[in-house]
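Q: Here is my input, please return the structure:
(one chain, ligands or ions: 1)
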Amino acid sequence: MHYREITPGDMPAIFEVRVKTWHNPHGAEELERMGITPDSVRGMLRETHRGWLAEANEEVVGFVMGNKQTGEMWVIAVLKDHENRGIGRSLMRLIEDWLVSEGCDELWLTTDPDENCRAVGFYRHLGWEDWKMESGDRFMRKRSDQVVADQQAARRDGKAP
Ligand SMILES: CC(C)(COP(=O)(O)OP(=O)(O)OC[C@H]1O[C@@H](n2cnc3c(N)ncnc32)[C@H](O)[C@@H]1OP(=O)(O)O)[C@@H](O)C(=O)NCCC(=O)NCCS
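A: The predicted structure follows:
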(Lines give C-alpha, C1' and ligand atoms only; values in the text may rest on other atoms or scores of the structure.)
Protein backbone atom coordinates (compact mmCIF):
# COMPACT_ATOMS: atom_id res chain seq x y z
CA MET A 1 0.00 0.00 0.00
CA HIS A 2 1.33 3.40 -0.96
CA TYR A 3 0.19 6.62 0.76
CA ARG A 4 0.64 10.05 -0.79
CA GLU A 5 -0.84 13.52 -0.68
CA ILE A 6 -3.89 14.26 -2.85
CA THR A 7 -3.21 16.54 -5.82
CA PRO A 8 -5.72 18.37 -8.08
CA GLY A 9 -5.36 15.63 -10.72
CA ASP A 10 -6.72 13.03 -8.29
CA MET A 11 -10.28 14.43 -8.31
CA PRO A 12 -11.84 11.79 -10.63
CA ALA A 13 -10.37 8.93 -8.57
CA ILE A 14 -11.37 10.29 -5.17
CA PHE A 15 -14.89 11.15 -6.34
CA GLU A 16 -15.23 7.58 -7.60
CA VAL A 17 -14.17 6.18 -4.20
CA ARG A 18 -16.54 8.56 -2.39
CA VAL A 19 -19.54 7.61 -4.52
CA LYS A 20 -18.81 3.86 -4.34
CA THR A 21 -18.54 3.94 -0.54
CA TRP A 22 -21.60 6.11 0.09
CA HIS A 23 -24.77 4.16 0.79
CA ASN A 24 -26.64 6.41 -1.59
CA PRO A 25 -27.59 5.33 -5.11
CA HIS A 26 -27.74 9.00 -6.17
CA GLY A 27 -24.42 9.91 -4.54
CA ALA A 28 -22.90 11.70 -7.55
CA GLU A 29 -25.96 13.93 -8.04
CA GLU A 30 -26.28 14.51 -4.30
CA LEU A 31 -22.65 15.69 -4.01
CA GLU A 32 -23.21 18.11 -6.87
CA ARG A 33 -26.40 19.39 -5.23
CA MET A 34 -24.34 20.05 -2.08
CA GLY A 35 -21.85 22.05 -4.15
CA ILE A 36 -19.17 19.38 -3.80
CA THR A 37 -17.64 19.15 -7.27
CA PRO A 38 -14.11 18.47 -8.55
CA ASP A 39 -13.68 22.22 -9.05
CA SER A 40 -14.90 23.17 -5.58
CA VAL A 41 -12.66 20.55 -3.94
CA ARG A 42 -9.64 21.75 -5.95
CA GLY A 43 -10.38 25.23 -4.57
CA MET A 44 -10.53 23.84 -1.01
CA LEU A 45 -7.14 22.18 -1.51
CA ARG A 46 -5.69 25.54 -2.50
CA GLU A 47 -7.07 27.30 0.59
CA THR A 48 -7.96 25.33 3.70
CA HIS A 49 -7.86 21.57 3.08
CA ARG A 50 -5.30 18.86 2.55
CA GLY A 51 -5.75 15.17 2.03
CA TRP A 52 -3.98 11.87 1.53
CA LEU A 53 -4.86 8.78 -0.47
CA ALA A 54 -3.98 5.10 -0.42
CA GLU A 55 -3.04 3.38 -3.69
CA ALA A 56 -2.68 -0.31 -4.48
CA ASN A 57 -1.37 -1.23 -7.94
CA GLU A 58 -1.96 2.37 -9.02
CA GLU A 59 -5.66 2.17 -8.06
CA VAL A 60 -6.92 4.65 -5.47
CA VAL A 61 -8.58 2.54 -2.76
CA GLY A 62 -9.12 5.13 -0.03
CA PHE A 63 -8.62 8.77 0.90
CA VAL A 64 -9.03 11.29 3.68
CA MET A 65 -9.35 15.10 3.77
CA GLY A 66 -9.41 17.67 6.56
CA ASN A 67 -9.80 21.42 7.08
CA LYS A 68 -7.05 23.23 9.00
CA GLN A 69 -9.20 26.33 9.45
CA THR A 70 -11.91 24.56 11.45
CA GLY A 71 -10.18 21.36 12.64
CA GLU A 72 -12.70 19.21 10.79
CA MET A 73 -11.85 15.73 9.58
CA TRP A 74 -14.00 16.31 6.52
CA VAL A 75 -14.18 12.95 4.76
CA ILE A 76 -12.71 9.47 4.85
CA ALA A 77 -13.55 6.54 2.59
CA VAL A 78 -12.03 3.12 1.93
CA LEU A 79 -13.35 0.78 -0.78
CA LYS A 80 -15.28 -2.21 0.58
CA ASP A 81 -12.83 -4.78 -0.82
CA HIS A 82 -10.00 -3.07 1.06
CA GLU A 83 -11.67 -2.57 4.43
CA ASN A 84 -10.29 -4.12 7.62
CA ARG A 85 -6.64 -3.92 6.56
CA GLY A 86 -5.60 -0.87 8.54
CA ILE A 87 -5.95 1.62 5.65
CA GLY A 88 -8.56 3.73 7.47
CA ARG A 89 -6.37 3.83 10.58
CA SER A 90 -3.33 4.98 8.56
CA LEU A 91 -5.34 7.66 6.76
CA MET A 92 -6.78 8.93 10.06
CA ARG A 93 -3.29 9.16 11.51
CA LEU A 94 -2.12 11.25 8.55
CA ILE A 95 -5.00 13.72 8.81
CA GLU A 96 -5.02 13.93 12.62
CA ASP A 97 -1.24 14.55 12.71
CA TRP A 98 -1.53 17.26 10.06
CA LEU A 99 -4.46 19.05 11.75
CA VAL A 100 -2.61 19.05 15.09
CA SER A 101 0.59 20.26 13.39
CA GLU A 102 -1.47 23.19 12.03
CA GLY A 103 -2.40 24.15 15.60
CA CYS A 104 -5.92 22.69 15.84
CA ASP A 105 -6.57 21.95 19.53
CA GLU A 106 -9.79 20.12 18.98
CA LEU A 107 -10.57 18.00 15.94
CA TRP A 108 -14.15 17.19 15.00
CA LEU A 109 -16.19 15.32 12.43
CA THR A 110 -19.77 14.57 11.52
CA THR A 111 -21.03 11.09 10.86
CA ASP A 112 -24.07 8.86 10.84
CA PRO A 113 -26.41 9.08 13.84
CA ASP A 114 -26.92 5.29 13.58
CA GLU A 115 -24.97 3.60 16.35
CA ASN A 116 -24.57 0.48 14.17
CA CYS A 117 -22.85 2.33 11.35
CA ARG A 118 -19.33 0.90 10.85
CA ALA A 119 -17.75 4.35 10.81
CA VAL A 120 -19.08 5.22 14.29
CA GLY A 121 -17.40 2.17 15.87
CA PHE A 122 -14.26 2.88 13.84
CA TYR A 123 -13.99 6.47 15.11
CA ARG A 124 -14.65 5.40 18.73
CA HIS A 125 -11.98 2.72 18.42
CA LEU A 126 -9.55 5.46 17.34
CA GLY A 127 -10.29 7.58 20.40
CA TRP A 128 -13.02 9.92 19.09
CA GLU A 129 -15.80 10.81 21.52
CA ASP A 130 -19.43 11.74 21.05
CA TRP A 131 -20.00 15.48 21.15
CA LYS A 132 -23.56 16.29 20.03
CA MET A 133 -26.40 15.43 17.69
CA GLU A 134 -27.41 18.31 15.45
CA SER A 135 -29.42 18.61 12.23
CA GLY A 136 -29.62 14.82 12.04
CA ASP A 137 -25.85 14.34 12.22
CA ARG A 138 -23.68 12.85 14.95
CA PHE A 139 -20.76 15.14 15.85
CA MET A 140 -17.64 13.56 17.36
CA ARG A 141 -14.42 15.16 18.58
CA LYS A 142 -10.88 14.37 19.64
CA ARG A 143 -8.46 16.61 21.52
CA SER A 144 -4.97 17.28 20.21
CA ASP A 145 -3.36 15.86 23.38
CA GLN A 146 -5.12 12.55 22.64
CA VAL A 147 -3.68 12.64 19.10
CA VAL A 148 -0.20 13.23 20.53
CA ALA A 149 -0.69 10.37 23.04
CA ASP A 150 -1.71 8.10 20.14
CA GLN A 151 1.42 9.10 18.20
CA GLN A 152 3.59 8.25 21.20
CA ALA A 153 1.85 4.89 21.72
CA ALA A 154 2.26 4.03 18.01
CA ARG A 155 5.97 4.84 18.18
CA ARG A 156 6.35 2.78 21.35
CA ASP A 157 4.58 -0.17 19.69
CA GLY A 158 6.64 0.21 16.51
CA LYS A 159 3.50 1.07 14.49
CA ALA A 160 4.38 4.67 13.62
CA PRO A 161 5.13 5.33 9.96
C1 LIG B 1 -15.05 3.58 8.17
C2 LIG B 1 -13.90 3.17 7.24
C3 LIG B 1 -13.15 4.41 6.77
C4 LIG B 1 -12.93 2.24 8.02
O5 LIG B 1 -11.81 1.94 7.19
P6 LIG B 1 -10.99 0.56 7.33
O7 LIG B 1 -9.80 0.65 6.44
O8 LIG B 1 -11.86 -0.61 7.14
O9 LIG B 1 -10.53 0.63 8.86
P10 LIG B 1 -9.27 -0.11 9.52
O11 LIG B 1 -9.15 -1.49 8.97
O12 LIG B 1 -8.08 0.77 9.42
O13 LIG B 1 -9.71 -0.19 11.05
C14 LIG B 1 -8.95 0.44 12.09
C15 LIG B 1 -9.34 -0.14 13.40
O16 LIG B 1 -10.72 0.14 13.69
C17 LIG B 1 -11.39 -1.06 14.05
N18 LIG B 1 -12.77 -0.94 13.62
C19 LIG B 1 -13.22 -0.75 12.38
N20 LIG B 1 -14.57 -0.65 12.39
C21 LIG B 1 -14.94 -0.82 13.67
C22 LIG B 1 -16.20 -0.83 14.34
N23 LIG B 1 -17.35 -0.64 13.67
N24 LIG B 1 -16.24 -1.00 15.68
C25 LIG B 1 -15.09 -1.17 16.38
N26 LIG B 1 -13.85 -1.17 15.81
C27 LIG B 1 -13.80 -0.99 14.46
C28 LIG B 1 -10.62 -2.14 13.28
O29 LIG B 1 -10.84 -3.40 13.87
C30 LIG B 1 -9.20 -1.66 13.43
O31 LIG B 1 -8.71 -2.00 14.74
P32 LIG B 1 -7.12 -2.20 15.04
O33 LIG B 1 -6.36 -1.27 14.12
O34 LIG B 1 -6.98 -1.81 16.47
O35 LIG B 1 -6.83 -3.63 14.74
C36 LIG B 1 -14.44 2.35 6.03
O37 LIG B 1 -15.18 1.25 6.55
C38 LIG B 1 -15.33 3.14 5.09
O39 LIG B 1 -14.82 3.86 4.23
N40 LIG B 1 -16.65 3.00 5.19
C41 LIG B 1 -17.57 3.59 4.20
C42 LIG B 1 -17.50 5.09 4.11
C43 LIG B 1 -17.79 5.78 5.41
O44 LIG B 1 -18.66 5.35 6.16
N45 LIG B 1 -17.03 6.85 5.65
C46 LIG B 1 -17.22 7.66 6.84
C47 LIG B 1 -18.35 8.59 6.61
S48 LIG B 1 -18.74 9.47 8.12
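Q: Could you pull out the strands in this structure for me?
A: Along the chain, the segments classed as strands by DSSP state E run 2-5, 49-56, 59-67, 72-78, 106-111, 129-134, 137-143.
Q: Any chance of TSV for the ones you listed, columns mean pLDDT and mean neighbour count?
A: For every residue, glycine as well, the C-beta is placed using N, CA and C. Shown next, in TSV, are the strands of the chain (pLDDT from 0 to 100; neighbours: other Cβ atoms under 10 Å):
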stretch	mean pLDDT	mean neighbour count
strand 2-5	98	12
strand 49-56	98	20
strand 59-67	98	22
strand 72-78	98	22
strand 106-111	98	19
strand 129-134	98	12
strand 137-143	98	18
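Q: Need those in CSV (columns: distance to residue 155).
A: Formatted as CSV, these follow (distance: least, Cβ to Cβ, whole Å):
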stretch, distance to residue 155
strand 2-5, 17
strand 49-56, 19
strand 59-67, 21
strand 72-78, 22
strand 106-111, 20
strand 129-134, 23
strand 137-143, 18
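Q: quick one: residue 12 and residue 29, what's the gap?
A: Using Cβ to Cβ, to the nearest Å, residue 12 is found at 16 Å from residue 29.
Q: now do residue 107
A: Taking Cβ to Cβ, one finds residue 107 at 30 Å from residue 29.
Q: same thing with residue 23?
A: Taking Cβ to Cβ, one finds residue 23 at 15 Å from residue 29.
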